[in-house]
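Novice: generate a structure from the sequence data that follows.
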Amino acid sequence: MLFTSANLSTVADATTLADIEHEVASGVRRLRFKGALEARYQADTRQRRLQFLTSIGISGAVVYNLFILSDWLSLHDVFGYVAMGRLCLITPMIIGFLLLARRLSSRCHIEILSATGTIMASLMPLVVMMYSDSPYQLHYQLGMLLLMVYCTMIQQLPFVHATVSMLLMLAILLITTHLAGFMDPVTWRANALLYSSTVLLLLMASYFLERGTRMSYLFLLKGKLLQAQLFDMARIDPLTQLFNRRYQGEVTSLVWEQAQAEPLWVTAILIDVDHFKMFNDSYGHMQGDSCLKSISDAVRQVAEAAGAVSFRFGGEELLVLKVGGDMQWNARVAEHLRDAVWNLRIPHPKLGDGECVTISVGVASALAPTVTADALLGAADQALYQAKAEGRNCWRLHAVLPLGAASLGNASTVLVDHLPLEHAAARTGV
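Specialist: Below is the predicted model of the structure:
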């Protein structure tokens, strides 16, 4: 539902930002991040990379098969074999690899699969070429250059995968051209030097391409984390670390907007720290802030366990909101909140020896949008006032109901008082 635990910047985010700064300063020369950052990079880029390789694989297969024309012109005597290899072996293999890649959870495995497809695509024509008597074999084998460019610049395989792929493709080229015997030794060595130089230059390009990609990822991730921090700062109360009143208004507006399509029961629990002004005046603002922090932590823990969200409503008042929850849920959470603060045992000697800080709780439920958010909060405030009047350290419960069918959308309500259970009565001496 709408209300879940806060999605705040955590210590892990701060650690990630520190790791990002370290990697940026190092220039990502190793083409690998440290620890969790590398795992995050692989996970974050997997889906986008899979989509890219799928589109490139499809278009690459189309272009690859168009080279049947080159096969016809250059290897006319073995054209049937090479055409069969393209259409009946390599193309089905590429389709199978694309389908298999969708099932792989690791980006590394996806890259290996892509590299394997390119290597196999380069192997087949050269193997068939070995059995040809065509005088155009020398020109035909230059097609390997296109596959090398495709591997590094189009597929953009990571540098490690590209290195392995290029070395294997170079080995395939050198071995098949040597075995085919259509070059004299000088031509073969010159051809080997050409391909070796090409591999070296393409791998240099691959290195800088991946380095730039990783740097771009770092800057993008840093921007997202900083944006999340700014968003948290705008909606989080700095003292209590609960959501602030501004964000509470946004949440209630969103809930009531969603309720236009389907009515929702919403519960508001308003909490006030008993005798907090006396505590603050007696022990100072530092102690008062510490007390409010401790209470807020306890309230947040109870709220999150119940699937609700907590806010600082103002001063020493806190608010817990939840979509859903029946009367039993309301009573149980209200008592858990009161018990959680009572169990903190924060001393309040001004109230007497052995006395502790307590809270009073007002609970109200309403069906949105038949009752307005202001009416719901007003009912919770009245329930809180009743709890204060009846001795504090207790909770009181109200339900807000519309005045009949004619009152839909009307702010007028009636308050139905549900007396607290016996175990929720005020504690002695508070």
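Novice: my read is that Val361 contacts Arg392, right?
Specialist: No: in this structure Val361 lies outside contact range of Arg392 using C-beta atoms under 8 Å: 10.0 Å. In this view, the C-beta of every residue, glycine as well, is placed from N, C-alpha and C.
Novice: neighbour count winner among those two?
Specialist: Neighbours per residue, other C-beta atoms under 10 Å: of Val361 and Arg392, the larger number sits with Val361, 30 against 18.
Novice: ok now do the closest residue to that one other than its chain neighbours, which residues does it touch?
Specialist: Leaving aside its sequence neighbours, Val361 sits nearest to Trp395 (C-beta to C-beta, 6 or more residues apart in numbering; 3.6 Å). With contacts defined as C-beta atoms under 8 Å, 6 or more residues apart in numbering, the neighbours of Trp395 are 331, 334-335, 337-338, 360-363, 383, 387, 420, 424.
Novice: just the residues you listed: which are in strands?
Specialist: 360-363 (DSSP state E).
Novice: redo those as JSON lines? Include distance to Met327 and pLDDT.
Specialist: Formatted as JSON lines, the ones in strands among the contacts of Trp395 follow (distance: C-beta to C-beta, whole Å; pLDDT from 0 to 100):
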{"residue": "Ser360", "distance to Met327": "19", "pLDDT": "94"}
{"residue": "Val361", "distance to Met327": "15", "pLDDT": "94"}
{"residue": "Gly362", "distance to Met327": "15", "pLDDT": "94"}
{"residue": "Val363", "distance to Met327": "9", "pLDDT": "93"}
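Novice: which residues are in contact with stretch 293-300?
Specialist: 239-242, 271, 273, 310, 312, 318, 320, 337, 340-341, 343-344, 346, 357, 359.
Novice: picking up where we left off before, relative to Leu50, which of the contacts of Trp395 is nearest.
Specialist: Relative to Leu50, the closest of the contacts of Trp395 is Leu337; by C-beta to C-beta it sits at 46.8 Å.
Novice: secondary structure element for the residue nearest to the closest one when sequence neighbours are not counted?
Specialist: Leaving out its chain neighbours, the residue that sits closest to Leu337 by C-beta to C-beta, 6+ apart is Val302, at 5.2 Å. Val302 belongs to helix 285-305 when elements are defined using DSSP states H and E.
Novice: just give me how far the next helix or strand after that helix sits from the chain centre.
Specialist: Where DSSP H and E defines the elements, the next helix or strand beyond helix 285-305 is strand 309-314. Relative to its parent chain, strand 309-314 has a centroid offset of 26 Å by C-alpha atoms, centre = their mean, to the nearest Å.
Novice: tell me what strand 309-314 is packed against?
Specialist: Under the contact definition 3 or more C-beta pairs under 8 Å, 6 or more residues apart in numbering; DSSP states H and E, strand 309-314 sits against helix 245-258, helix 285-305, strand 317-323.
Novice: buried residues in that strand?
Specialist: 309-313 (16 or more other C-beta atoms under 10 Å).
Novice: now do the contacts for the residue lying closest to Val273 once chain neighbours are set aside.
Specialist: Among residues not flanking Val273 along the chain, Glu316 sits closest, at 4.1 Å (C-beta to C-beta, 6+ apart). Contact analysis of Glu316 by C-beta under 8 Å, 6+ apart lists 272-273, 276-277, 292.
Novice: ok, back up a step: now do the helix holding Val302 against strand 309-314, angle only.
Specialist: Computed with axes from the mean of the first three to the mean of the last three C-alpha atoms, to 10 degrees, the direction of helix 285-305 lies at 150 degrees from that of strand 309-314.
Novice: would you map the strands across the chain?
Specialist: Here the chain has its strands, by DSSP E, at 264-273, 309-314, 317-323, 359-368, 395-402, 413-418.
Novice: what's the closest of those strands to Arg48?
Specialist: Taking C-beta to C-beta, strand 309-314 is the member of the strands of the chain nearest to Arg48, at 32.2 Å.
Novice: still on that earlier bit, which one of the strands of the chain lies nearest to Leu201?
Specialist: Of those, nearest to Leu201 by C-beta to C-beta is strand 309-314, at 57.2 Å.
Novice: longest helix of this protein?
Specialist: Longest helix of the chain, by residue count under DSSP state H: helix 185-235.
Novice: out of the contacts of Glu316, which comes closest to Cys151?
Specialist: Using C-beta to C-beta, Leu292 is the member of the contacts of Glu316 that lies nearest Cys151, at 61.8 Å.
Novice: hmm, Gln241 and that closest one touching each other?
Specialist: No: look at Leu292 against Gln241 with C-beta under 8 Å: they stay out of range, at 10.8 Å.
Novice: list the contacts of Leu209.
Specialist: Neighbouring residues of Leu209 by C-beta under 8 Å, 6+ apart: 152-153, 156.
Novice: are any of the residues you listed buried, and which?
Specialist: The neighbour count (16+ other C-beta under 10 Å) marks 152, 156 as buried among the contacts of Leu209.
Novice: quick check, nearest of the contacts of Leu209 to Arg49?
Specialist: Using C-beta to C-beta, the contacts of Leu209 come closest to Arg49 at Gln156, 9.1 Å.
Novice: now the closest one. Nearest residue, chain neighbours left out?
Specialist: Leu209 (6.1 Å).
Novice: same thing with Asp71?
Specialist: Val82 (4.6 Å).
Novice: ok, how many other residues are close to that neighbour?
Specialist: For Val82, using other C-beta under 10 Å, the count is 25.
Novice: any idea how far Met124 is from it?
Specialist: Val82 is 7 Å from Met124, where distance means C-beta to C-beta, to the nearest Å.
Novice: Ala308 now?
Specialist: For Ala308, the distance to Met124 - C-beta to C-beta - is 63 Å.
Novice: so between these two, which is more surrounded?
Specialist: Each of Ala308 and Met124 has its neighbours counted (other C-beta under 10 Å); Ala308 has more, 25 against 17.
Novice: so what's the residue count around the nearest residue to that one once chain neighbours are set aside?
Specialist: Spatial nearest neighbour of Ala308, excluding adjacent residues (C-beta to C-beta, 6+ apart): Lys322 at 3.7 Å. Close neighbours of Lys322, defined as other C-beta under 10 Å, add up to 22.
Novice: same thing with Leu142?
Specialist: Leu142 has 13 nearby residues by other C-beta under 10 Å.
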